[in-house]
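Colleague: Quick check, what structure comes out for this input:
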Amino acid sequence: MKINDVNRIGSVNPYRNNTPSGNTTAVTGKGKKDQVQISEEALKLLENQATATVDPVRMKKIEQLKEAVSTGTYNVDANHIVDKLLPYLNN
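Modeller: Numbering: from 1, shown residues only. Prediction:
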């Protein structure tokens, strides 16, 4: 006796009918296009960022941090992290 006959008539193949039901017309490219809208506030932020003066002391510190992270010599002070997290977690 065969329990799993692979050549059964009318067998169900869940992978065969994997298309959604309903309207299955082909995409012709005449539909709606994607649009992007940038708010005035975002545009102002971009303008300010482009015209902002760069603080040389800050840039030096950023470069030192990047170098320490890339070489693996950057150490994180766990006590400093705990001091910052505890007030947040206690609320």
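
Colleague: Show me the strands in the protein, by range?
Modeller: With strands called from DSSP state E, the chain shows none.

Colleague: Where does pLDDT dip in it?
Modeller: Scanning the chain for pLDDT under 70 picks out the ranges 1-29.

Colleague: the longest helix in it is where?
Modeller: The residue-count maximum for a helix in the chain (DSSP state H) belongs to helix 56-71.

Colleague: Pull that helix out as PDB, backbone CA atoms only.
Modeller: Taking Å, rounded to 0.1, in the frame of the first residue of the first chain, the C-alpha atoms of helix 56-71 are listed here in PDB:
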ATOM      1  CA  PRO A  56      39.400  72.600  14.500                       C
ATOM      2  CA  VAL A  57      39.500  71.400  18.100                       C
ATOM      3  CA  ARG A  58      36.400  69.200  17.600                       C
ATOM      4  CA  MET A  59      37.800  67.800  14.300                       C
ATOM      5  CA  LYS A  60      41.100  66.900  16.000                       C
ATOM      6  CA  LYS A  61      39.200  65.100  18.800                       C
ATOM      7  CA  ILE A  62      37.100  63.200  16.200                       C
ATOM      8  CA  GLU A  63      40.200  62.200  14.300                       C
ATOM      9  CA  GLN A  64      41.800  60.900  17.500                       C
ATOM     10  CA  LEU A  65      38.700  58.900  18.300                       C
ATOM     11  CA  LYS A  66      38.500  57.400  14.800                       C
ATOM     12  CA  GLU A  67      42.200  56.400  15.000                       C
ATOM     13  CA  ALA A  68      41.700  54.800  18.500                       C
ATOM     14  CA  VAL A  69      38.700  52.900  17.300                       C
ATOM     15  CA  SER A  70      40.400  51.700  14.100                       C
ATOM     16  CA  THR A  71      43.500  50.500  15.900                       C
END
